[in-house]
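kindly return the folded structure for what I paste below:
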Amino acid sequence: MSAHVPYIAVSAFDIIALVLVIGPLATTLWVLPKEARNAFQARLWRFTGAALAALTLSSITLLVGRTLEMSRQGLSEVAHWLPLVLRETPFGRVWLVRPIMLLLAWAAWYIGRNLERRRVAASFLFAAAAVIAFTRSATGHPADQGSWTLPEWVDWIHLVAVSVWAGVVFTMSVAVFPRLPQARISPSVRANLITRLSSVATVALIGILITGILSAYYYVGTWTALRDSSYGHVLLVKLAFVAVAVALGAVNRFLFVPPIRAAVSTPAGHGTTAHDHGERPLRLLMRSVGTEALFLLAALAAAAVLLHGMPPREMDHVIGGTMAQGPRADHPARARRVTVRRLDTHQPRLRHLISTVCYGVLSPRAAPPGDLYRPRESAIRASL
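The predicted structure is shown next:
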């Protein structure tokens with residue numbers, strides 16, 4: 001597993017960059033009241049630009065990392081393998097959507113520098129980021145069942161919902177809350193902002209729970225598989241992080257938001273003002289949201305590990321079924337589409353997965369050095 005830590009780190013970087021793009025956009029579109037836009041929109045748009053730069057870098061890094069992972073060659077060989085990956089593999093063909101969406105996103109961000117066009121630009125930029133999110137679903141475990149299948153759509157909705165929840169929480173912690181006490185907005189507008197934050201997080205959480213249950217059932221299937229597989233162990237860790245974040249969100253919604261809203265109607269003239277009355281719940285809310293953001297980032301890191309693990313149901317299929325070995329001599333002029341799943345054959349129950357990599361690759365003439373078809377190292381499902 002240690003050899004695959006760099007690839008896991010690349011996936012984590014890409015997921016977090018996507019979350020950081022969607023977060024300020026969702027905050028701009030759905031969290032900020034109209035009366036608070038002038039106080040925060042310029043700061044949020046700069047934050048969006050920085051996050052978009054990170055997503056651009058992560059997209060390039062992801063392509064290079066997948067190329068290294070597929071070819072099993074060093075960084076010096078990337079220039080040779082990268083065109084083959086883009087041309088010959090499903091991952092490469094799906095990845096080519098990213099540069100188009102990134103160009104559209106950058107154009108929308110530039111247009112959005114004009115305050116009057118910002119909300120329209122944010123909507124287009126959000127749509128481009130959502131398409132980029134789909135490229136992740138279309139090149140991960142859901143794609144094993146084919147293109148445009150239900151698992152891909154479920155995974156995509158899950159990823160977008162997670163990006164909205166985690167992104168809004170992180171954006172509020174970094175870009176809004178530090179300036180909120182000094183912002184020239186009324187207590188009623190501030191209470192409205194907090195209420196909208198809670199509502200957006202709740203709607204996103206509902207989507208996460210529904211799609212998460214569907215995905216867990218599809219990939220894990222049984223409590224035994226959850227308990228006995230490495231994939232299940234990592235999933236449990238991720239769920240633990242999410243559970244803490246959900247608990248913190250519940251505390252925010254039911255303990256801190258009501259007194260902030262009630263402070264708006266507190267009558268003045270009794271030694272306190274509405275602003276003073278809601279100040280302590282607001283400070284507690286800001287601390288809680290910051291802690292929630294940290295747990296969500298940890299959950300995203302665990303999700304990156306899952307992307308490089310083999311779900312138990314797929315492992316059962318690989319182990320229990322008859323796996324076709326792909327002979328090199330068949331159809332030498334045609335590119336082959338194979339999925340290679342490297343397993344630790346020293347573990348009799350095969351709990352410890354090394355990696356799962358999709359190879360949409362490569363004609364035998366372009367095959368990398370070494371034998372990818374050695375049965376002691378790989379289980380191969382081949383289709384022409």
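
host element of the nearest residue to Y231 once chain neighbours are set aside?
In space, Y231 comes closest to G309 once its chain neighbours are excluded; the distance is 4.4 Å by Cβ to Cβ, 6 or more residues apart in numbering. Bear in mind the C-beta positions are built from the backbone N, C-alpha and C, glycine included. For G309, there is no enclosing helix or strand under DSSP states H and E.

G309 reaches H233, doesn't it?
No: the criterion here is Cβ atoms under 8 Å, and G309 misses it with H233 at 9.5 Å.

looking at those two, which is more packed in?
Using other Cβ atoms under 10 Å as the criterion, G309 and H233 rank with G309 on top: 26 against 15.

show me the shaky parts of the protein.
Low-confidence regions of the chain, defined by pLDDT under 70, span residues 1-3, 265-278, 315-384.

what segments of the stretch 101-250 of the chain are helices?
Assigned by DSSP state H, counting those that start in this stretch, the helices in the stretch 101-250 of the chain fall at 118-137, 150-171, 187-219, 223-228, 230-251.

same list (those) but as TSV, adding distance to T61.
Formatted as TSV, these follow (distance: least, Cβ to Cβ, whole Å):
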stretch	distance to T61
helix 118-137	14
helix 150-171	18
helix 187-219	25
helix 223-228	32
helix 230-251	22
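
winner for burial among these?
Counting by mean count of other Cβ atoms under 10 Å, helix 150-171 has the highest mean neighbour count of these, with a mean of 23.

which elements pack onto it?
When contacts are defined as 3 or more Cβ pairs under 8 Å, 6 or more residues apart in numbering; DSSP states H and E, helix 150-171 packs onto helix 5-26, helix 118-137, helix 187-219, helix 279-307.

mind putting these in TSV, distance to R253 included?
Formatted as TSV, the helices and strands packed on helix 150-171 follow (distance: least, Cβ to Cβ, whole Å):
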stretch	distance to R253
helix 5-26	17
helix 118-137	24
helix 187-219	5
helix 279-307	10
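
which of these sits closest to R37?
Between R37 and the helices and strands packed on helix 150-171, the shortest separation by Cβ to Cβ is 8.3 Å, and it involves helix 118-137.

what's the angle from that closest one to helix 279-307?
Angle, helix 118-137 to helix 279-307, by axes from the mean of the first three to the mean of the last three Cα atoms, to 10 degrees: 30 degrees.

contacting residues around the closest residue in space to L248 that isn't next to it in sequence?
Closest residue in space to L248, ignoring its immediate chain neighbours: E292 at 4.2 Å, by Cβ to Cβ, 6+ apart. For E292, the contact set (Cβ atoms under 8 Å, 6 or more residues apart in numbering) comprises 169, 245, 248-249, 252.

in these, find the pair that's most separated.
By the measure Cβ to Cβ, A245 and N252 form the most distant pair in the contacts of E292, at 10.5 Å.

gap between V242 and L236?
Using Cβ to Cβ, to the nearest Å, V242 is found at 11 Å from L236.

what number of residues lie near A79?
Residues contacting A79 under the criterion other Cβ under 10 Å number 9.

element containing it?
Assigned by DSSP H and E, A79 falls in helix 78-88.

just checking, next helix/strand downstream of that helix?
Next along from helix 78-88, by DSSP H and E: helix 90-95.

tell me which residues are up against that following helix.
With Cβ under 8 Å, 6+ apart, helix 90-95 has contacts from 59, 62-63, 66, 70, 85-86, 135, 138-139, 143, 147, 337, 358, 360.

what about 7 Å?
If you take Cβ atoms under 7 Å, 6 or more residues apart in numbering as the criterion, helix 90-95 is touched by 63, 66, 85-86, 135, 138-139, 143, 358, 360.

what is the nearest of these to L125?
Nearest to L125, judged by Cβ to Cβ, of these is T135 at 15.9 Å.

count of residues packed around the residue nearest to A175 when sequence neighbours are not counted?
Closest residue to A175 apart from its sequence neighbours, by Cβ to Cβ, 6+ apart: F47 at 5.0 Å. The local packing of F47 (other Cβ under 10 Å) involves 23 other residues.

since that was my last question, I'll sign off now.
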